[in-house]
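Trainee: with the sequence up front, the predicted model follows.
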Amino acid sequence: MSLDFPLDRTATPVPDAERRALLSDPGFGRWFTDHMAVAAWDAERGWHDGGVRPLAPFTLHPGAAVFHYGQEIFEGLKAYRHADGGVWLFRPEDNARRFARSARRLALPELPEADFVRAVEELVRADAAWVPRADGGPAEGDEGSGSPATSASARSASAPGASGSGEQSLYLRPFLIATEPFLGVRPSTQALFRVIASPAGPYFPSGVTGVTLWITETYSRAAVGGTGAAKCGGNYAGSLVAQTEARENGCEQVLYLDSAGHGTIEESGTMNLCLVTRDGELLTPALGTILEGVTRDTVLALAPELGLRPVERAISLAELRAGAEDGTVSEVFAAGTAAVLTPVTGFKGAGYAFTVGDGTPGPTTLALRRTVLDLQYGRAEDRHGWLRRVR
Ligand SMILES: Cc1ncc(COP(=O)(O)O)c(C=O)c1O
């Protein structure tokens, strides 16, 4: 039986003026909307108690399994406001499927995909006023969660469009934690599901710039048989020190190699890696120990429309380096929900560095990025059926 997500509307929403001001420059992950979607699971009853409720802290027993053994998974996707005011999700069914796969790997209960999508949709409906216009202006016409009408001065305070680069959205974070208070190491018999939401500003506020990736030989992200393909918190906890190493070496992000030491490239900390070759291939590491990114799949599917042949296979660091140096690899980019496509213009490792192309974002990367954004914001025809209208 599928879950219902009835709305229990908050009596104390963020006032309209404050929300509008936040939406004008939200940054990433700093502010949260008025509500959250919830559901609970236990071994006897299965999934139950679905709803959309006022955002509130957890009260958990200190023995809850999530605190001790990291039994936790999450997802990340966005809601986009189109020019006509409508609000849409992009491929949420793919996030739902990945959430179920992550649950299987972490011995957590699988939330049916339809319930996952419904929870996300109902939260976005409840908090629709938090979905900014693409240019960052407030969502005119969407009332707040019950606060009085907005004053003229509050409206002008938000300076619609000031942050400008047309990529504002509402980031959605579904997650599932193991809550049974029990210190034995075995799958929890209780779990809690939540979806929270946070307005997101443009990833590159002053224009798309390239990043340099640090090729770490100190740390691995994943091993064959491990949790690399699952979106579980532990993968990210383990990546923080590598991220620090990257920063210490003047790089924005990490590029991981395979842990077996064969020197094949895997992915970045929160993005999949793609190479554009001079002879027209869009090349990306095959699945296995990496996260199966929705953006990765999107660019593979769109590649032929831009005259590229999509290829998924193992790619060695030696091949990447030689290709960048002799020009057979003309562009590299990273793909993920947060930044869509991030041009990778250089790499550094212990004792070496190399540049991709002329060290600036490449034309194919920028064209693909524009193509994906045009789809997400409804500026291009959705021929793949990837968009889902929420309101
Ligand atoms: C490790 C990792 N790889 C790749 C991605 C890109 O996945 P997606 O395109 O679904 O956001 C993410 C982000 O979720 C990630 O955390």
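Mentor: Received, thanks.

Trainee: spell out which parts of the stretch 201-350 of the chain neighbour the ligand.
Mentor: 267, 270-272, 291, 293-296, 335-337 (Cβ under 6 Å from any ligand atom). For the C-beta atoms, the positions are set from N, CA and C on the backbone; glycine is no exception.

Trainee: sort out for me which of these are in strands.
Mentor: 267, 272, 335-336 (DSSP state E).

Trainee: and the residues you listed as JSON lines, adding pLDDT and neighbour count?
Mentor: Converted to JSON lines, these look like this (pLDDT from 0 to 100; neighbours: other Cβ atoms under 10 Å):
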{"residue": "Glu267", "pLDDT": "97", "neighbour count": "24"}
{"residue": "Asn272", "pLDDT": "98", "neighbour count": "24"}
{"residue": "Ala335", "pLDDT": "97", "neighbour count": "27"}
{"residue": "Gly336", "pLDDT": "97", "neighbour count": "21"}
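
Trainee: related to what we said a few turns ago, now flag whichever of the residues of the stretch 201-350 of the chain next to the ligand is closest to Gly86.
Mentor: Using Cβ to Cβ, Thr337 comes nearest to Gly86 of those, at 19.9 Å.

Trainee: burial count for the closest residue to the ligand within the stretch 1-150 of the chain?
Mentor: Minimum separation of the stretch 1-150 of the chain from the ligand (Cβ to the nearest ligand atom) falls at Gly76, amounting to 4.9 Å. For Gly76, the count of nearby residues is 16 (other Cβ atoms under 10 Å).

Trainee: tell me the buried residues in the helix or strand where Arg125 lies?
Mentor: Under the criterion of DSSP states H and E, Arg125 resides in helix 113-126. By neighbour count with 16 or more other Cβ atoms under 10 Å, helix 113-126 contains the buried residues 113, 115-126.

Trainee: what residues are up against Phe67?
Mentor: Phe67 sits next to Leu60 when contact means Cβ atoms under 8 Å, 6 or more residues apart in numbering.

Trainee: which SS class is it?
Mentor: helix (DSSP: H, G, I helix; E, B strand; the rest coil).

Trainee: can you show me the helices along the stretch 201-350 of the chain?
Mentor: Secondary structure of the stretch 201-350 of the chain (DSSP state H, counting those that start in this stretch): helices at 233-237, 240-248, 294-302, 317-326.

Trainee: can you lay out these as a markdown table showing mean neighbour count?
Mentor: Shown next, in a markdown table, are those (neighbours: other Cβ atoms under 10 Å):
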| stretch | mean neighbour count |
| --- | --- |
| helix 233-237 | 15 |
| helix 240-248 | 15 |
| helix 294-302 | 21 |
| helix 317-326 | 16 |
